[in-house]
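*Asks:* Generate coordinates for the sequence data below:
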Amino acid sequence: MKIISYIIRIGLFAFITMSAFNPAFGRSTSSIRSKAKKTHSISKARKSSRRHADRPVLRKKHGRGKAGLTRSTPPYKAESLNNQPPLYEQVKYAEVEPRYRSELAIREKKYGSEHPFVATSLNNLALVLKMQGKYSEAEPLYRRALAIREKQLGKEHPLVATSLNNLALLLKMQGKYAEAEPLYRHALAIREKQQGIGDPLVATSLNNLADLLQAQGKYAEADPLYRRTLEIDEKWLGADHPDVATDLNNLASLLQDQGKYAEAEPLYRRSLKIREKQLGSEHPDVAQSMNNLAELLQDQGKHSEAEPLYRRALAIREKQLSAEHPDVATSLNNLASFLNMQGKYAEAEPLFRRSLAIREKLFASEHPLVAMSLNNLAVLQQAQGKYAEAEPLYRRSLAIREKLFGKEHPLVAISLNNLAGLQQAQGKNAEAEQLYLRALAIDEKVLGKDHPQTKNIRNNYNVLSKKLK
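*Replies:* Residues are numbered from 1 along each chain as shown. The predicted structure follows:
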């Protein structure tokens, strides 16, 4: 019996070097991909460098803020926080949180509760909370920042578009796609009106909307948006700009999700070439491109080509970043997932455990990336028949996701599917059936009946149903 499973590839956003669901947290965003050909259930972090416009506003003295682009584009200069280093250089968010809270309190006292500077501080604190997985705390701050900007600056001000985008991104991360989409579209409309249809800010909004559509399996709608993003950036920045490399990566990711490997590969390779040329062969973004190309090669069964890319990506990150950087944890996870899929369990396990240890140290114990690592380690244990060791890991991963995202998020559906597969492997078919049904109900409601992830879970349920008849 073949149990269909998932490799969750998470894209942390470009501002963090981790670059969906993204992530992921990214792209990212987590960026979740269901893989019908995979057996067992692995969550694999896929790095997808997306220009989600949500980062701390790096405000210079008296500078105007744009609260969230991953590149500097006129007419708005980035804001900085009292000349502190940008947040992407900080990975211990719990440690910097008090500073951002203090900044907010100071500005509220100095300017009043509805000043645009207060909105900037609210946005910054919300981002720090979001990066710790504290979504329920971040959301009201983003909403308050949006309300202040609409009231003080007008509903079509560029910073209103930024707030709409930031709130939409948070909602997307929580699986609230229906709420996120109109906000992204509103932000895009403001930018097209205020900046013009060919402006890089418009490209950012196009990219983010495309990412949301991709997450919902609306590939035909996402494709022209990604292509328009690429066209704008090539015209504005030149064909060899690092942001163009990001655009190529994102379009390739969409094509890869559709199984269009022959179209995706040259885009990934061009993205890698640009980054190597512009940033140097050992830049962390080069490691990201290597990771993405490795994943594509793995999808095509070109394992001998994929493995050295995964290993080189890890080596670059270990050299250029600290040994406990989140990107190192991501590369460890990806290489371990690759080894696991080839049955090299003894090699994979210490990598999974090291990735988990880094994430538990850097982030809260109930962070989405911790849930991912727990899930991955559980998959490894299950693959070796160590069901008693796998089950508490699956259940802890599920509990974290339910707490962070609510009970109707696609990641919760994946955890339910994975736990169902474990129960099925142990002959606990009645429990497995209920878990599959719950997972299927979530994905049909959130993603739709035709989404690849929904189809895979439905297939798993149908396999079990036939066995029960």
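
*Asks:* In this protein, where is pLDDT below threshold?
*Replies:* Within the chain, the segments meeting pLDDT under 70 span 1-91.

*Asks:* can you list the domain ranges for it.
*Replies:* What automatic domain parsing lists as the domains of the chain is 1-50+274-469, 51-216.

*Asks:* Tell me how many other residues surround Gly301.
*Replies:* 10 (other Cβ atoms under 10 Å). Using the backbone N, CA and C atoms, a C-beta is placed for each residue, glycine as well.

*Asks:* helix, strand or coil for it?
*Replies:* coil (DSSP: H, G, I helix; E, B strand; the rest coil).

*Asks:* Ala262 versus that one, what's the distance?
*Replies:* 14 Å (Cβ to Cβ, to the nearest Å).

*Asks:* cool, and Lys445?
*Replies:* 34 Å.

*Asks:* the more surrounded of those two?
*Replies:* Neighbours per residue, other Cβ under 10 Å: of Lys445 and Ala262, the larger number sits with Lys445, 13 against 9.

*Asks:* quick one: the more buried one and Lys407 touch, right?
*Replies:* No - judged on Cβ atoms under 8 Å, Lys445 makes no contact with Lys407 at a distance of 11.0 Å.

*Asks:* show me where the protein has strands.
*Replies:* Here the chain has its strands, by DSSP state E, at 4-10, 30-39.

*Asks:* And for Ala287, the neighbour number?
*Replies:* 31.

*Asks:* so it makes contact with Arg317?
*Replies:* Yes - counting by Cβ under 8 Å, Arg317 is a contact partner of Ala287 at 5.1 Å.

*Asks:* Quick check: neighbours shared by these two?
*Replies:* Common neighbours of Ala287 and Arg317, using Cβ atoms under 8 Å, 6 or more residues apart in numbering, are Asp327, Ser331.

*Asks:* Pro224: neighbouring residues, count only.
*Replies:* The number of residues near Pro224, taken as other Cβ under 10 Å, comes to 11.

*Asks:* what does Glu192 give?
*Replies:* 17.

*Asks:* swap in Glu231?
*Replies:* Here the count is done by other Cβ under 10 Å, and Glu231 has 14 residues near it.

*Asks:* Also Gly133?
*Replies:* By other Cβ under 10 Å, 25 other residues sit near Gly133.

*Asks:* The closest residue to it other than its chain neighbours: what's it in contact with?
*Replies:* Counting by Cβ to Cβ, 6 or more residues apart in numbering, Gly133 lies nearest to His367, which is 4.1 Å off, once chain neighbours are set aside. The contact partners of His367, by Cβ under 8 Å, 6+ apart, come to Gln132, Gly133, Arg359, Ile400, Leu404.

*Asks:* Sitting in helices, which of the residues you listed do you find?
*Replies:* Arg359, Ile400, Leu404 (DSSP state H).

*Asks:* ok, for the last one, nearest residue in space, not its chain neighbours?
*Replies:* Yep, that's Leu404 we're talking about. Leaving aside its sequence neighbours, Leu404 sits nearest to Gly133 (Cβ to Cβ, 6+ apart; 5.4 Å).

*Asks:* what separates the one you found from Glu156, distance-wise?
*Replies:* 33 Å.

*Asks:* And Ala287, by the same measure?
*Replies:* For Ala287, the distance to Glu156 (Cβ to Cβ) stands at 40 Å.

*Asks:* neighbours of Ala220, just the number please.
*Replies:* 9.

*Asks:* now it: how far from Leu213?
*Replies:* In this view, Ala220 and Leu213 are 9 Å apart by Cβ to Cβ.

*Asks:* neighbours around the residue nearest to Lys445 when sequence neighbours are not counted, how many?
*Replies:* In this structure, Lys445 finds its nearest non-sequential neighbour in Glu408, 6.4 Å apart by Cβ to Cβ, 6+ apart. By other Cβ under 10 Å, 17 other residues sit near Glu408.

*Asks:* What of the one 10 residues further on?
*Replies:* By the measure other Cβ under 10 Å, the count of residues near Asn418 is 29.

*Asks:* Ok, Asn250 next?
*Replies:* Counted with other Cβ under 10 Å, the neighbours of Asn250 add up to 30.

*Asks:* got it, and Ala430?
*Replies:* Applying other Cβ under 10 Å, we find 10 residues neighbouring Ala430.

*Asks:* Contacts only, for it.
*Replies:* No contacts exist for Ala430 under Cβ under 8 Å, 6+ apart.

*Asks:* picking that back up, Throw the ones in helices among the contacts of His367 into TSV and include neighbour count and distance to Ala371, thanks.
*Replies:* Shown next, in TSV, are those (neighbours: other Cβ atoms under 10 Å; distance: Cβ to Cβ, whole Å):
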residue	neighbour count	distance to Ala371
Arg359	25	9
Ile400	25	4
Leu404	21	8
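
*Asks:* Would you format the residues you listed as CSV with distance to Pro326 included?
*Replies:* CSV is the format used below for the ones in helices among the contacts of His367 (distance: Cβ to Cβ, whole Å):
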residue, distance to Pro326
Arg359, 7
Ile400, 17
Leu404, 17
